[in-house]
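1. Kindly return the folded structure for what I paste below:
(one chain, ligands or ions: 2)
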Amino acid sequence: LPTLPNSDTASDRASAASLVSAGSCAEGLVVEYPGNFRVHTRAYADRGVFDLEIRRIFETTWIYVAHETEIGEQGKFKTSFIGRQPVIVVRDTEGEIRVLLNRCRHRAAIVCREERGRTDRFQCPYHGWVYALDGRLTGIAQRATGYPDDFDRSALGLMRAPRVDAYRGMIFASLGHAGPSLIEHLGPARAFIDYQFDRSPVGRISLPYQPHRLNYNGNWKFQVENATDAYHVNYVHESFQMLLEQFSSLSGQHGNHPANADNRDYWDRLGKTRGFPSGHGLLEAPATAQLIDGLRRGPEREYYASLERHHGPEAARAAMGQYHLVIYPNLAIIHGQLRIIRPIAVDQTEVTVFPYALEGIPAPQETARLRGYERFFGPAGFGQPDDMAIFGLNQAGLQASAVEWLVLSRGLHTETAGDDGVRVGNATSETPIRSAFRAWQKLMSAG
Ligand code: FES
Ligand SMILES: [Fe+2]
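-> Ligands and ions are numbered 1, 2, ... in the order given. Predicted structure coming up:
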């Protein structure tokens, strides 16, 4: 194949290899040649493409909807979304987790308006129809004066998501009746969930803290891409880098990690990116021998000893690595937080960030984690507001549509691929973004 030239001429477009099937509105939006990977503006800015993403990605694959600790007891629920579809996640009277479409079967009103709570039934606010925790329609208001005696309500329960499964407490649902199981979907990315949750000696997280919520005027994929992007850090987060340079570790913890000015060098030397066949992505760096030595001898030695006791030395060491993981398409697990990405419109996205608790860790460390989280990721933190501002700039720049292509080839020439389809690049390579787009084009051209 010829190399795609670095310009946007008509002949480039004519020669670009389409990797999305003919006839789809997403056709031709991702092109890949040796050393050259490009994505068209329309992948981020076209309403038709967005609608197709909702149908073919969000309504077929596994979508994170809740954590088990949020619905620990019978009747506890939370409301969430699968793509644009509102759902209720609830534990029913049998202890089963149900994911119900939050739409009254009468005239479509949202049945449950609260974000979370506990109840023994769901009653529609419009005309009072009542649904049991498992979704069955159990009551119709003023039934005798409006419906015949043989009116069949058995088929009018809240519709259920056909597939629900959980991994390490995280509940996922799929509106697709068939397709890979959750375990298959997570694939080799699963290990990087394990490492992060194994920072708890008992291997469990919970969500006891209030989340915070951010909205930005940009496409949902910008948040997905940013979660594993080490390339932007020196520029978008320059003020934070300056703080680290001035105060180093005196400035405390950074999210899940000890803060220090050597951070950049550490990432350059040891950092890696990975892109998974299902679209998941990872930015990672291992725990150094020096860090492990410090944990074994320092003030956190009891805690680290408990990790080694529970998980074994290998897994304890792996747990202390740094991981920024995206579970495609709507979840990121980074710096001790679950970050839920909700596409609202082609240029509008909501992100809900839950700092999670590591069960069984000593209280002072849990507090330090939270303070570190607030410092960088909180609403008034050093980092997160900067990222949100950039996503808005991304979308605004896309309006200059005379330039058609985004260049996503950073690190492509040194990226390697394993037998399992996992691609590996250096820390600032766009490897995870490319894998996400390869999965994107596969999903978008299916069906
Ligand atoms: S819309 Fe729900 S009872 Fe009428
Ligand atoms: Fe950032």
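
2. and the end-to-end length of stretch 326-345?
-> Distance across stretch 326-345, first residue to last, is 21 Å (C-alpha to C-alpha, to the nearest Å).

3. Pull out the buried residues from it.
-> Neighbour counts using 16 or more other C-beta atoms under 10 Å place 326-343 of stretch 326-345 among the buried residues. Any C-beta I mention is one placed from the backbone N, CA and C, and that applies to glycine too.

4. Same question for stretch 183-197.
-> Buried-residue list, stretch 183-197, by 16+ other C-beta under 10 Å: His185, Leu186, Gly187, Pro188, Ala189, Arg190, Phe192, Ile193, Tyr195, Gln196, Phe197.

5. Where does the prediction get shaky in the chain?
-> For the chain, applying pLDDT under 70 flags the ranges 1-24, 248-264, 447.

6. residues in it within reach of ligand 1, list them.
-> For the chain, the residues found near ligand 1 under the criterion C-beta under 6 Å from any ligand atom are Cys104, His106, Arg107, Ala109, Cys124, Tyr126, His127, Gly128, Trp129.

7. Tell me which two in the residues you listed are the farthest apart.
-> When the residues of the chain next to ligand 1 are compared pair by pair using C-beta to C-beta, the two farthest from each other are Arg107 and Gly128, 12.0 Å apart.

8. out of the two, which sits in the busier spot?
-> Here Arg107 and Gly128 are set side by side on neighbour count (other C-beta atoms under 10 Å), and the busier one is Gly128, at 13 against 10.

9. Could you report the neighbour count for the residue nearest to Gly117 when sequence neighbours are not counted?
-> Excluding the flanking residues, the one nearest Gly117 by C-beta to C-beta, 6 or more residues apart in numbering is Phe77, at 6.3 Å. Other residues near Phe77 come to 25 when the count uses other C-beta under 10 Å.

10. and Phe77, what element?
-> For Phe77, the host element (DSSP states H and E) is strand 76-82.

11. Sheet partners, orientation included, of that strand?
-> Within its sheet, strand 76-82 is paired with strand 85-91 (antiparallel), strand 116-118 (antiparallel), according to DSSP bridges.

12. Pick the most deeply packed of these.
-> Comparing the strands paired with strand 76-82 on average neighbours per residue, with mean count of other C-beta atoms under 10 Å, the densest one is strand 85-91 at a mean of 23.

13. From Gln384, how far off is the residue in the stretch 301-447 of the chain positioned nearest to ligand 1?
-> Nearest to ligand 1 in the stretch 301-447 of the chain, going by C-beta to the nearest ligand atom, is Ile344, at a distance of 23.2 Å. Going from Ile344 to Gln384 by C-beta to C-beta, to the nearest Å gives 19 Å.

14. got it, and Tyr304?
-> Distance of Tyr304 to Gln384, computed by C-beta to C-beta: 29 Å.

15. residues in contact with the residue lying closest to His311 once chain neighbours are set aside?
-> Here the nearest residue to His311 in space, its sequence neighbours aside, is Asp198; by C-beta to C-beta, 6+ apart that works out to 5.2 Å. Under the criterion of C-beta atoms under 8 Å, 6 or more residues apart in numbering, the neighbours of Asp198 are Leu307, His311, Ala315, Ala316, Ala318, Ala319.

16. Show the buried residues in these.
-> Among the contacts of Asp198, those classed as buried by 16+ other C-beta under 10 Å are Leu307, His311, Ala316, Ala318, Ala319.

17. Helices along the stretch 101-250 of the chain, start to end?
-> Shown for the stretch 101-250 of the chain, the helices assigned by DSSP state H, counting those that start in this stretch span residues 182-186, 190-197, 220-226, 233-236, 238-247.

18. Can you lay out those as TSV showing distance to Ile88?
-> Formatted as TSV, the helices of the stretch 101-250 of the chain follow (distance: least, C-beta to C-beta, whole Å):
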stretch	distance to Ile88
helix 182-186	20
helix 190-197	25
helix 220-226	22
helix 233-236	37
helix 238-247	39
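
19. Isn't Leu406 up against Thr41?
-> Yes. Counting by C-beta atoms under 8 Å, Leu406 does reach Thr41; the two are 7.0 Å apart.

20. Can you tell me the centre-most residue of this protein?
-> In the chain, the C-alpha nearest the mean C-alpha coordinate belongs to Leu331, at 1.4 Å (C-alpha atoms, centre = their mean).

21. how distant is the helix or strand containing Leu393 from the center of its chain?
-> Secondary structure assignment for Leu393, by DSSP H and E: helix 384-398. Mean-position distance between helix 384-398 and its chain equals 18 Å (C-alpha atoms, centre = their mean, to the nearest Å).

22. these two touch, right, His237 and Gly383?
-> Yes. Taking C-beta under 8 Å as the definition, His237 is a contact partner of Gly383 at 5.4 Å.

23. Please name the nearest non-neighbouring residue to Phe377.
-> Gln384 is the one closest to Phe377 (C-beta to C-beta, 6+ apart), at 4.6 Å.

24. re the thing from before, parallel or antiparallel, list what pairs with the helix or strand the residue of the stretch 301-447 of the chain closest to ligand 1 falls within.
-> In the assignment (DSSP H and E), Ile344 maps to strand 337-345. Paired neighbours of strand 337-345 in the sheet (DSSP bridges): strand 331-334 (antiparallel), strand 348-355 (antiparallel).

25. Quick one: residues in contact with the longest one.
-> Strand 348-355 is touched from outside by 67, 207, 209, 211-220, 222-223, 336-344, 369-370, 373, 377, 384, 388, 391, with contacts defined as C-beta under 8 Å, 6+ apart.

26. That strand: what's the following helix or strand?
-> The helix or strand immediately downstream of strand 348-355 is strand 357-358, counting by DSSP H and E.

27. and the following helix or strand past that next one, what other elements does it pack with?
-> Per DSSP H and E, strand 357-358 leads on to helix 363-377 as the next helix or strand towards the C-terminus. With contacts taken as 3 or more C-beta pairs under 8 Å, 6 or more residues apart in numbering; DSSP states H and E, helix 363-377 sits against strand 253-254, strand 348-355, strand 357-358.
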